[in-house]
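Asks: sequence and predicted structure are below.
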Amino acid sequence: MKEIDYEKIAEQPEFKTLLSTRNKFIMPISIFFIIATLLFPVLTGYTTILNNEAFGNISWAWIYALLLFVMVWTLVTIYMKRAKIFDKEADEIIRKYREGEEE
């Protein structure tokens with residue numbers, strides 16, 4: 001079996017579509033993650049918004065921090081499920097490339 005010419009694959013419309021779809025999925029999640037994560041130290045360090053009690057003796061800062069963990073696990077789970085689809089599409093592009101090369 002010959003070496004795969006990844007540069008040739010990168011020029012295929014199917015691969016470009018896959019990259020575009022993946023980037024459209026990753027960018028909003030990444031931006032949301034960065035904003036939500038950086039907002040926590042800003043809100044705790046420069047405001048008193050999260051100092052108020054949510055319930056009992058627990059402040060909103062603790063709730064926000066806990067939700068950051070939930071957010072990370074949720075985003076990872078969503079990404080892993082979507083990455084499997086992206087991997088299958090990439091495998092299909094390589095399979096089509098190999099079939100075209102054999103002809």
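Replies: Nice, thanks for sending it over.
Asks: and the pLDDT for residue 5?
Replies: For residue 5, the model assigns a pLDDT of 83.
Asks: what segments of the chain are helices?
Replies: For the chain, the helices defined by DSSP state H cover 6-10, 13-46, 60-102.
Asks: how about residues contacting the first one?
Replies: Taking contacts as Cβ atoms under 8 Å, 6 or more residues apart in numbering, the residues outside helix 6-10 that touch it are 15, 16, 93, 94, 97. Any C-beta I mention is one placed from the backbone N, CA and C, and that applies to glycine too.
Asks: and residue 73, how far from residue 33?
Replies: According to Cβ to Cβ, to the nearest Å, residue 73 and residue 33 sit 12 Å apart.
Asks: do the same with residue 50
Replies: According to Cβ to Cβ, residue 50 and residue 33 sit 19 Å apart.
Asks: quick one: residues contacting the spatially most central residue of the chain.
Replies: Residue closest to the mean C-alpha point of the chain, counted by Cα atoms, centre = their mean, is residue 26 at 4.2 Å. Contact analysis of residue 26 by Cβ under 8 Å, 6+ apart lists residue 79.
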